[in-house]
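Chemist: for reference, the sequence and a predicted model appear below.
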Amino acid sequence: MVSSSLRPLEAPSPAHICPFDQACSYLDQAAKELHLDRGLLAVLSHPRKVVTVSIPVKLDNGEVEVLAGHRVQHCDVLGPYKGGTRYHPDVTLREVSALAMLMTWKCALVGIPYGGAKGGIALDPARYTVVELERITRRYTTELIKDIGPAIDIPAPDVGTSAREMAWMMDTYSMNVGHAVPGVVTGKPISIGGSRGREMATGRGVMIIVREAMAERGRSLAGAKVVIQGFGNVGGAAAVLLHEAGAKVVAVSDATGGVFDPEGLDIPALKAYSLQNHRSVVGFPGAKAVTNAELLALPCDVLIPAALENQITEENVHEVQAQIVVEAANGPVTLVADRALENRGVTVLPDILANAGGVVVSYLEWVQGLSYVFWDEERVNKEMENLMVHAYHRVIQESKERQVPLRVAAYTLGVGRVAQALADRGLYP
Ligand SMILES: NC(=O)C1=CN([C@@H]2O[C@H](COP(=O)(O)OP(=O)(O)OC[C@H]3O[C@@H](n4cnc5c(N)ncnc54)[C@H](OP(=O)(O)O)[C@@H]3O)[C@@H](O)[C@H]2O)C=CC1
Ligand SMILES: O=C(O)CCC(=O)C(=O)O
């Protein structure tokens, strides 16, 4: 690993599983495969720009709070920086930096002309009113006004944000520059230039990757037993689409707990229940209650962590019974757990491949916006499916040729394309 005083951005997370160090370890493995020299590796190990802003917010009760917001731009050699905006109490600069780096490899892997970025504010959205969240989002956007833009850096939704926050960001940016700029964000409402299919896109991409992985094993989705952790934008959409495709989604969870039915959950009914139940799946009639820890250990064909980082760790990896783990979340399997699964012959479909459907449709949204021509959902889904299926098979091929796990193969492809672009542009050496 390249050691550098610049690498540590702040103290490691308390769990001692630092997402940025893990991302650098995977980068190091890819660099080894690609015989990258140390100088180039050092360039790729560092975010190009790190922005931290204070966000003063006047609460509805008149009190003032100051929140910390970040935007990390990892690499823009292939095109504008691209990546989501996270609202979660555990957001740190290190986490955002790791997620920005993943975005660089993800975009390169699926062949879209973007670099990698990520943003976030350390806050629990449930503690704020909608009006307060709007003020926070508008102030965060204003603080970043010189750092974002359709040709510079294009935010999108991530944990705790949705089309609503993207609309506020777009409006704030547009007011500052004096005209409507829909291309400054993706994942926005369709009424202001959003793309059909974006809301379900990450979950749809996950479903496509699961389908391809099952097909490689001579199986279809029909009857496959699936467990999903997280029932938000990604986990919820994956559950709906896998259920529609005939899979048995036997368990799902959110932050409040999980539900399990060995015969398969009625996902449309569960979605409706969760919406009426303060967005919690807990207490769904006819299902057994499980904790998030128990859920990860349930017997199934496919386990889909679709919530947060570091869910499958050294401590619980031995309990995983699935034959295939699909990283719908970014970084849900730690480095040590990844090696343990690999040693046990469990297939791990890595995040930069498995959840790329979201950024692919973000790219299609941006393309539609730039060309002022908007497509029907069928076309959007088809274009995304083509890119996802191609990327999946390219990763499988790379893994076979190099005799390396799928994650190393995926990183090698993504990192290799970025390194090549840097060399071709004369940015390195
Ligand atoms: N949105 C997108 O397009 C993309 C997202 N991703 C990644 O997918 C993951 C999920 O994002 P997204 O679905 O957008 O986020 P959401 O905020 O929409 O949903 C997150 C889900 O995870 C649940 N959750 C939170 N903490 C825990 C926990 N400790 N245990 C179990 N479940 C938990 C939440 O429950 P509750 O609602 O109760 O808090 C919610 O159901 C993230 O890693 C994100 O980076 C990747 C690519 C694109
Ligand atoms: O759609 C996007 O631009 C970014 C999605 C994202 O944040 C991710 O893939 O992790």
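Modeler: Yes, it's here. Ligands and ions are numbered 1, 2, ... in the order given.

Chemist: who touches whatever residue of the stretch 51-200 of the chain ends up closest to ligand 2 in this structure?
Modeler: At 2.6 Å from ligand 2, residue 84 is the closest residue in the stretch 51-200 of the chain, using CB to the nearest ligand atom. No exception for glycine: its C-beta is placed from N, CA and C like everyone else's. Applying CB atoms under 8 Å, 6 or more residues apart in numbering to residue 84 gives the contacts 99, 118-119, 155-159, 161, 187, 358.

Chemist: near ligand 1, which of the residues you listed show up?
Modeler: Among the contacts of residue 84, the ones lying near ligand 1 by CB under 6 Å from any ligand atom are 157-159, 358.

Chemist: most neighbours, which of those?
Modeler: residue 358 (29 neighbours; other CB atoms under 10 Å).

Chemist: and the nearest residue to that one once chain neighbours are set aside, how many neighbours?
Modeler: Closest residue to residue 358 apart from its sequence neighbours, by CB to CB, 6 or more residues apart in numbering: residue 202 at 3.4 Å. Around residue 202 there are 31 other residues, counting by other CB under 10 Å.

Chemist: ditto for residue 353
Modeler: 29.

Chemist: ok, it to ligand 2 distance?
Modeler: According to CB to the nearest ligand atom, to the nearest Å, residue 353 stands 11 Å off from ligand 2.

Chemist: Three-state assignment for that residue, please.
Modeler: helix (DSSP: H, G, I helix; E, B strand; the rest coil).

Chemist: how about the residues of the stretch 301-429 of the chain by ligand 1?
Modeler: Checking the stretch 301-429 of the chain against ligand 1 by CB under 6 Å from any ligand atom, the hits are 306-308, 328-330, 355, 358.

Chemist: could you dump those to TSV with secondary structure, pLDDT and distance to residue 127?
Modeler: Shown next, in TSV, are these (DSSP: H, G, I helix; E, B strand; the rest coil; pLDDT from 0 to 100; distance: CB to CB, whole Å):
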residue	secondary structure	pLDDT	distance to residue 127
306	coil	98	23
307	coil	98	19
308	coil	97	18
328	coil	98	26
329	coil	98	23
330	coil	98	24
355	coil	98	27
358	helix	98	26
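
Chemist: and of those residues, the nearest to ligand 2?
Modeler: For these, the nearest to ligand 2 is residue 358 (4.4 Å; CB to the nearest ligand atom).

Chemist: check contacts around the closest one.
Modeler: 84, 156, 187, 198, 201-202, 205, 234.

Chemist: try it again at 7 Å.
Modeler: 201-202, 205 (CB atoms under 7 Å, 6 or more residues apart in numbering).

Chemist: again with residue 183
Modeler: So residue 183 contacts 150, 366, 369-370 (CB under 7 Å, 6+ apart).

Chemist: the residue nearest to residue 380 when sequence neighbours are not counted: how many residues sit nearby?
Modeler: Excluding its sequence neighbours, the residue lying closest to residue 380 (CB to CB, 6+ apart) is residue 197, at 3.9 Å. Applying other CB under 10 Å, we find 23 residues neighbouring residue 197.

Chemist: residue 252 too?
Modeler: Neighbour tally, residue 252, other CB under 10 Å: 31.

Chemist: ok so it is a helix residue?
Modeler: No - looking at residue 252 with three-state DSSP, it is strand, so not inside a helix.

Chemist: hang on, it packs against residue 231?
Modeler: Yes - using CB atoms under 7 Å, residue 252 is in contact with residue 231, at 5.1 Å.

Chemist: against ligand 2, how distant is residue 35?
Modeler: Applying CB to the nearest ligand atom to residue 35 and ligand 2 gives a distance of 28 Å.

Chemist: which ones are touching residue 261?
Modeler: Residue 261 touches 250, 286-288, counting by CB under 7 Å, 6+ apart.

Chemist: restricted to helices, list those.
Modeler: Judged by DSSP state H, the contacts of residue 261 include no members of helices.

Chemist: pick out the most distant pair among those.
Modeler: 250 and 286 (12.9 Å; CB to CB).

Chemist: ok, back up a step: where does the residue of the stretch 51-200 of the chain closest to ligand 2 land in three-state SS?
Modeler: strand.

Chemist: check residue 219 too.
Modeler: coil.

Chemist: go on, residue 29?
Modeler: Classified using three-state DSSP, residue 29 is helix.

Chemist: got the confidence number for the residue nearest to residue 358?
Modeler: On pLDDT, residue 202 comes in at 98.

Chemist: now for it: which residues touch it?
Modeler: Counted by CB under 7 Å, 6+ apart, residue 202 has contacts 233-234, 237, 355, 357-358.

Chemist: got it, and residue 370?
Modeler: Here residue 370 is in contact with residue 183 (CB under 7 Å, 6+ apart).

Chemist: can you give me phi and psi for it?
Modeler: Here is the backbone geometry of residue 370 (degrees, to the nearest 10): phi -70, psi -30.

Chemist: which of the contacts of residue 183 has the most neighbours?
Modeler: Going by other CB under 10 Å, residue 366 tops those with 26 neighbours.

Chemist: quick check, the residue nearest to residue 380 in contact with residue 377.
Modeler: Yes - judged on CB under 7 Å, residue 197 makes contact with residue 377 at a distance of 4.7 Å.
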